[in-house]
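Peer 1: Sharing a model that was predicted from the sequence below.
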Amino acid sequence: MGIMSKILGGGGNRSVEDYVELDLDDFAEARGEARTQVHIAEIADQGDVIPIKDAVYDGDLVIADITRHSTSDRTVEHIVDELRQVAQEVDGDIVQKGDDQLILAPTGVTISREKLE
């Protein structure tokens, strides 16, 4: 008997209709836990940093597009420094992916610097 047959109850004669899809929102509420969200942001100017900081302080992960700035742009340097400080304050993490993205993680989340293989 294969592993799937064991999981499905021995005979493997169950169908999709035998299973119920769980609503994860209801499950999280029942446990009383907050859910971490992943936000996508675009940084066009310094004002765009405020909602990003708020999200990270709230425990959410942010992927921010910085393509509107060149990597030698002083504005980007200032923004990265400000967001790096936020990551340090919350004991999170920050990485720059290429020239076009920043990834900020909240408290207790680290971002691997290695690609999955």
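Peer 2: Now that the structure is in, tell me what you want to look at.

Peer 1: What ranges does the protein have for its strands?
Peer 2: Taking DSSP state E as the test, the strands found in the chain are 38-42, 61-65, 93-97, 101-105.

Peer 1: So which bits of the third one are buried?
Peer 2: Under the neighbour-count criterion of 16 or more other Cβ atoms under 10 Å, strand 93-97 has 93-94, 96 buried. Just so you know, the C-beta spots here come from the backbone N, C-alpha and C atoms, and that holds for glycine as well.

Peer 1: and if you look at the second one?
Peer 2: Counting neighbours by 16+ other Cβ under 10 Å, one finds that the buried residues in strand 61-65 are 61-62, 64.

Peer 1: Pretty sure Leu104 sits against Pro51.
Peer 2: No: Leu104 lies out of contact with Pro51 (Cβ atoms under 8 Å); the separation is 11.8 Å.

Peer 1: of those two, who's got more company?
Peer 2: Per other Cβ atoms under 10 Å, whichever of Leu104 and Pro51 has more neighbours is Leu104, with 26 against 12.

Peer 1: The closest residue to that one other than its chain neighbours pairs with what?
Peer 2: Spatial nearest neighbour of Leu104, chain neighbours left out: Val62 (4.6 Å); criterion: Cβ to Cβ, 6 or more residues apart in numbering. Val62 has these beta-bridge partners by DSSP bridges: His39, Leu104.

Peer 1: OK, contacts around Val62?
Peer 2: 38-41, 52, 55-56, 102-104 (Cβ atoms under 8 Å, 6 or more residues apart in numbering).

Peer 1: Output these in CSV; the columns should cover pLDDT.
Peer 2: Formatted as CSV, those follow (pLDDT from 0 to 100):
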residue, pLDDT
Val38, 95
His39, 96
Ile40, 96
Ala41, 95
Ile52, 97
Ala55, 97
Val56, 97
Leu102, 95
Ile103, 96
Leu104, 97
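
Peer 1: Select from these the one having the most neighbours.
Peer 2: Busiest of the contacts of Val62 [other Cβ under 10 Å] is Leu104, holding 26 neighbours.
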